[in-house]
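[1] sequence and predicted structure are below.
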Amino acid sequence: MVWFVGAGPGAEDLITVRGRRLLEEADIVVYAGSLVNEGLLKNVKKECRIYNSAYMTLEEILDVMICGEKCGKRVVRLHTGDPCLYGAVREQMDALKEAGVSYKICPGVSSFSGAAASLEAEYTLPGVSQSVVITRMAGRTPVPKGESIRSFAAHRATMVVFLSAGMLDELSEELTAGGYEPDTPAAIVYKATWPDEKVLRCTVAELGGTAKKHGITKTALIIVGNVLEGTYERSRLYHPQFTTEFRTGN
Ligand code: SAH
(Lines give C-alpha, C1' and ligand atoms only; values in the text may rest on other atoms or scores of the structure.)
Protein backbone atom coordinates (compact mmCIF):
# COMPACT_ATOMS: atom_id res chain seq x y z
CA MET A 1 0.00 0.00 0.00
CA VAL A 2 1.23 3.45 -0.95
CA TRP A 3 -0.07 6.31 1.17
CA PHE A 4 -0.27 9.83 -0.20
CA VAL A 5 -0.05 11.97 2.91
CA GLY A 6 -0.72 15.68 3.29
CA ALA A 7 2.13 17.15 5.32
CA GLY A 8 0.26 20.33 6.24
CA PRO A 9 1.31 23.88 5.43
CA GLY A 10 4.62 24.02 7.27
CA ALA A 11 4.57 23.83 11.06
CA GLU A 12 5.71 20.36 12.09
CA ASP A 13 2.71 19.76 14.31
CA LEU A 14 0.14 20.59 11.66
CA ILE A 15 0.21 17.12 10.11
CA THR A 16 -2.82 14.96 10.98
CA VAL A 17 -2.57 12.27 13.67
CA ARG A 18 -3.10 9.68 10.94
CA GLY A 19 -0.40 11.21 8.73
CA ARG A 20 2.07 11.20 11.58
CA ARG A 21 1.35 7.55 12.36
CA LEU A 22 1.82 6.60 8.70
CA LEU A 23 5.18 8.42 8.67
CA GLU A 24 6.27 6.62 11.83
CA GLU A 25 5.42 3.25 10.27
CA ALA A 26 6.90 3.94 6.82
CA ASP A 27 9.81 1.98 5.31
CA ILE A 28 10.14 4.43 2.41
CA VAL A 29 9.24 8.14 2.34
CA VAL A 30 9.27 10.23 -0.83
CA TYR A 31 8.73 13.84 0.24
CA ALA A 32 8.24 17.03 -1.77
CA GLY A 33 11.42 18.69 -0.57
CA SER A 34 10.71 22.12 -1.98
CA LEU A 35 7.93 22.80 0.53
CA VAL A 36 7.65 20.02 3.10
CA ASN A 37 9.15 20.83 6.50
CA GLU A 38 12.05 18.39 6.93
CA GLY A 39 11.37 18.43 10.67
CA LEU A 40 8.55 16.00 9.91
CA LEU A 41 11.13 13.39 8.95
CA LYS A 42 12.34 13.24 12.57
CA ASN A 43 9.44 10.87 13.23
CA VAL A 44 10.47 8.14 10.78
CA LYS A 45 12.11 4.81 11.70
CA LYS A 46 15.90 4.70 11.74
CA GLU A 47 16.02 2.30 8.80
CA CYS A 48 13.46 4.25 6.73
CA ARG A 49 14.73 5.26 3.27
CA ILE A 50 14.06 8.88 2.43
CA TYR A 51 13.89 10.41 -1.06
CA ASN A 52 13.49 14.09 -1.92
CA SER A 53 11.21 14.30 -4.95
CA ALA A 54 12.44 17.82 -5.79
CA TYR A 55 15.38 16.13 -7.51
CA MET A 56 13.37 13.36 -9.17
CA THR A 57 11.22 12.90 -12.27
CA LEU A 58 7.77 11.34 -12.15
CA GLU A 59 9.29 8.15 -13.57
CA GLU A 60 11.92 8.00 -10.82
CA ILE A 61 9.33 8.65 -8.11
CA LEU A 62 7.10 5.89 -9.50
CA ASP A 63 10.02 3.49 -9.64
CA VAL A 64 10.75 4.00 -5.96
CA MET A 65 7.11 3.68 -4.96
CA ILE A 66 6.25 0.69 -7.16
CA CYS A 67 9.42 -1.30 -6.41
CA GLY A 68 9.07 -0.49 -2.71
CA GLU A 69 5.45 -1.58 -2.53
CA LYS A 70 6.11 -4.76 -4.53
CA CYS A 71 8.82 -5.67 -2.00
CA GLY A 72 6.24 -5.37 0.78
CA LYS A 73 7.49 -2.01 2.07
CA ARG A 74 5.25 0.63 3.53
CA VAL A 75 5.56 3.65 1.27
CA VAL A 76 4.57 7.23 2.11
CA ARG A 77 4.47 9.93 -0.54
CA LEU A 78 4.53 13.14 1.47
CA HIS A 79 2.99 16.16 -0.22
CA THR A 80 2.81 19.71 1.02
CA GLY A 81 -0.49 21.03 2.39
CA ASP A 82 -3.30 18.85 1.12
CA PRO A 83 -2.48 16.60 -1.84
CA CYS A 84 -5.65 17.62 -3.70
CA LEU A 85 -4.39 21.09 -4.63
CA TYR A 86 -1.59 21.50 -7.18
CA GLY A 87 -0.11 18.24 -5.93
CA ALA A 88 0.43 16.41 -9.23
CA VAL A 89 -1.01 13.35 -7.50
CA ARG A 90 -3.49 12.21 -10.12
CA GLU A 91 -0.72 11.17 -12.53
CA GLN A 92 0.93 9.19 -9.74
CA MET A 93 -2.30 7.48 -8.75
CA ASP A 94 -3.11 6.54 -12.34
CA ALA A 95 0.36 5.06 -12.84
CA LEU A 96 0.09 3.09 -9.59
CA LYS A 97 -3.30 1.75 -10.66
CA GLU A 98 -1.82 0.67 -13.95
CA ALA A 99 1.01 -1.07 -12.14
CA GLY A 100 -1.48 -2.87 -9.90
CA VAL A 101 -0.32 -1.04 -6.77
CA SER A 102 -3.00 0.01 -4.29
CA TYR A 103 -2.93 3.40 -2.64
CA LYS A 104 -4.85 5.61 -0.27
CA ILE A 105 -4.86 9.29 0.54
CA CYS A 106 -4.52 10.91 3.95
CA PRO A 107 -5.63 14.54 3.73
CA GLY A 108 -3.63 17.42 5.13
CA VAL A 109 -4.14 21.02 6.21
CA SER A 110 -3.80 23.10 3.07
CA SER A 111 -1.78 26.29 3.11
CA PHE A 112 -4.96 28.24 2.34
CA SER A 113 -6.29 27.15 5.74
CA GLY A 114 -2.94 27.91 7.36
CA ALA A 115 -2.99 31.38 5.84
CA ALA A 116 -6.54 32.03 7.08
CA ALA A 117 -5.44 31.13 10.59
CA SER A 118 -2.43 33.43 10.35
CA LEU A 119 -4.65 36.24 9.08
CA GLU A 120 -7.34 35.47 11.67
CA ALA A 121 -9.68 35.59 8.71
CA GLU A 122 -12.99 33.96 7.84
CA TYR A 123 -13.13 33.57 4.06
CA THR A 124 -16.92 33.26 4.00
CA LEU A 125 -18.67 36.15 5.72
CA PRO A 126 -22.44 36.64 5.40
CA GLY A 127 -23.24 39.65 3.25
CA VAL A 128 -19.66 39.85 1.92
CA SER A 129 -18.64 36.59 0.26
CA GLN A 130 -19.98 33.07 0.47
CA SER A 131 -17.52 31.57 -1.98
CA VAL A 132 -13.79 31.04 -2.16
CA VAL A 133 -12.04 30.92 -5.52
CA ILE A 134 -8.82 28.93 -5.38
CA THR A 135 -6.76 29.62 -8.44
CA ARG A 136 -3.39 30.66 -9.83
CA MET A 137 -1.91 32.91 -12.49
CA ALA A 138 -0.89 31.13 -15.67
CA GLY A 139 2.83 30.46 -15.49
CA ARG A 140 4.83 27.67 -17.04
CA THR A 141 1.70 25.63 -16.39
CA PRO A 142 -1.08 27.23 -18.40
CA VAL A 143 -4.56 27.86 -16.99
CA PRO A 144 -7.51 26.70 -19.12
CA LYS A 145 -9.37 29.37 -21.05
CA GLY A 146 -12.39 30.51 -19.11
CA GLU A 147 -10.51 30.38 -15.80
CA SER A 148 -8.75 33.72 -16.04
CA ILE A 149 -8.20 35.72 -12.85
CA ARG A 150 -10.08 38.50 -14.60
CA SER A 151 -13.19 36.36 -15.04
CA PHE A 152 -13.14 35.16 -11.43
CA ALA A 153 -12.53 38.71 -10.17
CA ALA A 154 -15.86 39.76 -11.68
CA HIS A 155 -17.59 37.82 -8.86
CA ARG A 156 -15.73 39.78 -6.18
CA ALA A 157 -15.77 36.67 -4.03
CA THR A 158 -12.85 35.81 -1.76
CA MET A 159 -9.88 34.67 -3.80
CA VAL A 160 -6.86 32.64 -2.75
CA VAL A 161 -4.15 32.71 -5.38
CA PHE A 162 -1.49 29.99 -5.32
CA LEU A 163 1.80 29.77 -7.24
CA SER A 164 1.80 33.40 -8.32
CA ALA A 165 4.02 35.30 -5.88
CA GLY A 166 6.45 36.22 -8.66
CA MET A 167 3.76 37.86 -10.81
CA LEU A 168 1.99 40.25 -8.53
CA ASP A 169 1.95 43.35 -10.73
CA GLU A 170 0.22 41.29 -13.40
CA LEU A 171 -2.09 39.78 -10.78
CA SER A 172 -3.14 43.28 -9.59
CA GLU A 173 -3.85 44.29 -13.16
CA GLU A 174 -5.97 41.23 -13.80
CA LEU A 175 -7.88 41.62 -10.54
CA THR A 176 -8.74 45.25 -11.20
CA ALA A 177 -9.53 44.65 -14.87
CA GLY A 178 -11.97 41.98 -13.67
CA GLY A 179 -13.84 44.13 -11.19
CA TYR A 180 -12.10 44.41 -7.83
CA GLU A 181 -11.57 48.01 -6.74
CA PRO A 182 -7.84 48.83 -6.47
CA ASP A 183 -8.31 49.49 -2.75
CA THR A 184 -9.86 46.08 -2.06
CA PRO A 185 -8.10 44.54 0.96
CA ALA A 186 -5.48 41.94 0.11
CA ALA A 187 -2.79 40.00 1.93
CA ILE A 188 0.40 38.17 1.14
CA VAL A 189 1.09 35.28 3.48
CA TYR A 190 4.64 33.99 3.07
CA LYS A 191 5.40 30.56 4.52
CA ALA A 192 2.18 30.36 6.50
CA THR A 193 2.67 28.55 9.84
CA TRP A 194 6.48 28.20 9.37
CA PRO A 195 8.69 29.85 11.99
CA ASP A 196 9.72 32.51 9.43
CA GLU A 197 6.16 33.25 8.31
CA LYS A 198 5.37 36.79 7.13
CA VAL A 199 1.85 38.21 7.02
CA LEU A 200 1.62 41.37 4.95
CA ARG A 201 -1.64 43.24 4.57
CA CYS A 202 -2.13 45.66 1.70
CA THR A 203 -4.59 46.45 -1.09
CA VAL A 204 -5.01 44.89 -4.52
CA ALA A 205 -3.11 47.81 -6.07
CA GLU A 206 -0.22 47.42 -3.61
CA LEU A 207 0.44 43.69 -4.03
CA GLY A 208 3.51 43.95 -6.28
CA GLY A 209 5.15 46.75 -4.29
CA THR A 210 4.54 45.01 -0.97
CA ALA A 211 6.10 41.75 -2.15
CA LYS A 212 9.09 43.60 -3.62
CA LYS A 213 9.66 45.57 -0.43
CA HIS A 214 9.81 42.34 1.59
CA GLY A 215 11.71 40.31 -1.00
CA ILE A 216 8.92 37.78 -1.51
CA THR A 217 8.99 35.88 -4.80
CA LYS A 218 7.75 32.42 -3.82
CA THR A 219 6.08 30.22 -1.19
CA ALA A 220 3.33 32.72 -0.64
CA LEU A 221 -0.42 32.89 -0.99
CA ILE A 222 -2.30 35.96 -2.06
CA ILE A 223 -5.66 36.45 -0.43
CA VAL A 224 -8.02 39.03 -1.88
CA GLY A 225 -11.44 40.23 -0.82
CA ASN A 226 -13.57 42.35 1.43
CA VAL A 227 -13.67 39.57 4.02
CA LEU A 228 -10.24 40.79 5.13
CA GLU A 229 -11.58 44.09 6.42
CA GLY A 230 -14.81 45.97 6.98
CA THR A 231 -18.36 45.16 7.86
CA TYR A 232 -20.43 42.00 7.53
CA GLU A 233 -23.76 40.59 8.71
CA ARG A 234 -24.01 38.46 11.81
CA SER A 235 -24.67 34.78 11.20
CA ARG A 236 -28.27 33.59 10.98
CA LEU A 237 -27.39 30.26 12.53
CA TYR A 238 -26.60 31.72 15.94
CA HIS A 239 -29.26 34.46 15.87
CA PRO A 240 -31.75 34.20 18.79
CA GLN A 241 -34.70 34.26 16.33
CA PHE A 242 -33.35 31.52 14.08
CA THR A 243 -34.84 28.05 14.54
CA THR A 244 -32.70 25.04 13.74
CA GLU A 245 -32.92 21.31 14.21
CA PHE A 246 -31.23 21.80 17.57
CA ARG A 247 -32.68 25.05 18.92
CA THR A 248 -36.01 26.92 18.78
CA GLY A 249 -35.78 30.64 18.00
CA ASN A 250 -37.83 33.20 19.87
N1 SAH B 1 -0.94 21.25 -1.91
C2 SAH B 1 -0.47 22.52 -1.41
C3 SAH B 1 -0.17 23.50 -2.51
C4 SAH B 1 1.02 23.10 -3.35
S5 SAH B 1 1.37 24.23 -4.64
C6 SAH B 1 -1.45 23.07 -0.38
O7 SAH B 1 -2.51 22.46 -0.15
O8 SAH B 1 -1.16 24.09 0.22
C9 SAH B 1 2.65 25.21 -3.95
C10 SAH B 1 2.13 26.61 -3.66
O11 SAH B 1 1.33 26.56 -2.51
C12 SAH B 1 3.20 27.63 -3.36
O13 SAH B 1 3.72 28.20 -4.51
C14 SAH B 1 2.44 28.64 -2.55
O15 SAH B 1 1.64 29.46 -3.38
C16 SAH B 1 1.50 27.74 -1.77
N17 SAH B 1 2.03 27.37 -0.45
C18 SAH B 1 2.38 26.15 -0.01
N19 SAH B 1 2.73 26.20 1.30
C20 SAH B 1 2.60 27.48 1.68
C21 SAH B 1 2.77 28.17 2.91
N22 SAH B 1 3.15 27.54 4.03
N23 SAH B 1 2.52 29.50 2.94
C24 SAH B 1 2.09 30.15 1.85
N25 SAH B 1 1.91 29.55 0.66
C26 SAH B 1 2.15 28.24 0.58
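    Received, thanks.
[2] next one, pLDDT for Gly230 please.
    As predicted, Gly230 sits at a pLDDT of 89.
[3] check Asn43 too.
    Note for Asn43: predicted pLDDT of 85.
[4] next one: Arg140
    For Arg140, pLDDT reads 89.
[5] pLDDT (mean, whole number) over the longest helix anywhere in the chain?
    Looking across the chain with DSSP state H, the single longest helix is helix 58-70. What helix 58-70 shows for mean pLDDT is 97.
[6] so the closest residue to Thr80 other than its chain neighbours, which of the three states?
    Spatial nearest neighbour of Thr80, excluding adjacent residues (Cβ to Cβ, 6 or more residues apart in numbering): Leu35 at 3.8 Å. Backbone N, C-alpha and C define where each C-beta goes, glycine included. Three-state assignment for Leu35 (DSSP: H, G, I helix; E, B strand; the rest coil): coil.
[7] who touches the closest residue to the ligand within the chain in this structure?
    Closest contact between the chain and the ligand, by Cβ to the nearest ligand atom, is at Gly81 (2.1 Å). By Cβ atoms under 8 Å, 6 or more residues apart in numbering, the residues touching Gly81 are Gly6, Ala7, Gly8, Pro9, Leu35, Gly87, Gly108, Val109, Ser110, Ser111, Phe112, Gly114.
[8] hmm, 6 Å instead?
    By Cβ atoms under 6 Å, 6 or more residues apart in numbering, the residues touching Gly81 are Pro9, Gly108, Ser110, Ser111.
[9] from these, pick the one nearest Pro240.
    Ser110 (34.6 Å; Cβ to Cβ).
[10] list phi and psi for the closest one.
    phi -70, psi 160 (degrees, to the nearest 10).
[11] make sure it is actually in contact with Asp82.
    Yes. Counting by Cβ atoms under 6 Å, Ser110 does reach Asp82; the two are 4.2 Å apart.
[12] ok, these two, which is more surrounded?
    Ranked by neighbour count (other Cβ atoms under 10 Å), Ser110 and Asp82 place Ser110 first, with 25 against 22.
[13] how close does the more buried one get to Pro142?
    22 Å (Cβ to Cβ, to the nearest Å).
[14] which residues of this structure fall in helices?
    Using DSSP H, helices in the chain cover 17-25, 58-70, 90-98, 111-119, 149-153, 168-178, 207-213.
[15] for Pro195, find the nearest of those.
    That would be helix 111-119 among the helices of the chain, by Cβ to Cβ, at 12.3 Å.
[16] now that closest one: mean pLDDT?
    On average, helix 111-119 scores 98.
[17] how about residues contacting it?
    Pro9, Gly81, Tyr123, Val160, Ala187, Val189, Ala192, Thr193, Val199, Leu221.
[18] among those residues, which ones are in strands?
    Val160, Ala187, Val189, Val199, Leu221 (DSSP state E).
[19] and this structure, which of its residues are near the ligand?
    Contact residues, the chain versus the ligand (Cβ under 6 Å from any ligand atom): 9-10, 35, 80-82, 85-87, 110-111, 114-115, 162-163, 189, 191-194, 219-221.
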